[in-house]
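Peer 1: Please work out how this folds:
(one chain, ligands or ions: 1)
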Amino acid sequence: MDLPDDLSLPLDRGAPWWYWLAGRPALDFVNTRRERWWRNVETLVTPDDLAEWVVQAGLLTELPPVDRELLLSALDLREAVSLTTDALLARTAVDDDALHIIEAWLPGAHLPDRLRVPRDGSQPVLSPGFPAHPGRYALGLIARDAAEMLGTEQRARVRICASDTCSARFYDRSRNGQRRWCSMQGCGNVAKARRHRARHAK
Ligand SMILES: [Zn+2]
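Peer 2: Sure, this is the predicted structure:
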């Protein structure tokens with residue numbers, strides 16, 4: 001997944017450059033820092049970017065209030081997930097600080113229970129309540145997704161795109177677990193064309 005070479009950096013707003021092919025929020029989130037192999041393009045630029053991202057990711061239905069402090073925390077969490085994912089892919093030692101950052105967000109994924117009588121009923125119903133801080137709740141959900149991915153057997157399905165010039169991380173949900181490219185239309189196609197050219201150049 002390439003960005004235009006002549007992109008003016010740093011970006012003012014990141015939203016036009018998000019992509020969604022990682023198969024789960026934790027890795028779509030990691031992928032908001034693009035071209036990690038080259039320009040390291042930040043696409044969570046403003047607090048509004050983060051608010052919009054968590055809605056587009058399906059974590060919240062309404063834009064949450066986000067300030068700069070929460071944005072910085074989100075970037076910390078993202079890089080912690082990225083570091084831990086990279087250690088998994090490279091089979092190197094996991095960074096303890098990164099794990100602590102992810103772990104610290106886990107309680108944020110829980111909603112307080114509610115026990116209320118619904119408007120049309122007489123018996124109380126137990127249901128999940130609303131987050132006091134929706135933005136923090138969304139980060140909790142991302143951390144929870146990352147922890148499930150990295151801390152269970154799901155880790156065997158974590159991948160990085162096989163292209164040398166693509167830093168997309170993704171979760172392989174294919175039946176045989178052989179997915180190599182972030183997308184068949186993008187990097188997969190480029191590789192296919194390259195193989196084709198190599199074969200016919202002989
Ligand atoms: Zn790719």
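
Peer 1: Next, the residue nearest in space to the middle of the chain: secondary structure please.
Peer 2: Centroid check for the chain by CA atoms, centre = their mean gives residue 29 as the closest residue, at 2.1 Å. Following DSSP: H, G, I helix; E, B strand; the rest coil, residue 29 is assigned to helix.

Peer 1: Same check on residue 127?
Peer 2: strand.

Peer 1: Can you dump the C-alpha atoms of the helix or strand of the chain with the lowest mean pLDDT in CSV for me?
Peer 2: Sorting the helices and strands of the chain by mean pLDDT, DSSP states H and E puts helix 189-200 at the bottom, at a mean of 79. Once non-C-alpha atoms are left out, helix 189-200 reads as follows in CSV (Å, rounded to 0.1, in the frame of the first residue of the first chain):
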residue,chain,number,x,y,z
ASN,A,189,-0.9,-7.7,-7.8
VAL,A,190,2.4,-5.8,-8.0
ALA,A,191,4.2,-9.1,-7.0
LYS,A,192,2.2,-11.0,-9.6
ALA,A,193,3.0,-8.6,-12.3
ARG,A,194,6.7,-8.7,-11.3
ARG,A,195,6.8,-12.5,-11.5
HIS,A,196,5.1,-12.3,-14.9
ARG,A,197,7.6,-9.8,-16.2
ALA,A,198,10.5,-11.9,-14.9
ARG,A,199,9.2,-15.0,-16.6
HIS,A,200,8.7,-13.3,-19.9
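
Peer 1: Identify all contacting residues around that helix.
Peer 2: The contact list for helix 189-200, computed with CB atoms under 8 Å, 6 or more residues apart in numbering, reads 162-163, 181. C-beta coordinates here come from the backbone N, C-alpha and C atoms, glycine included.
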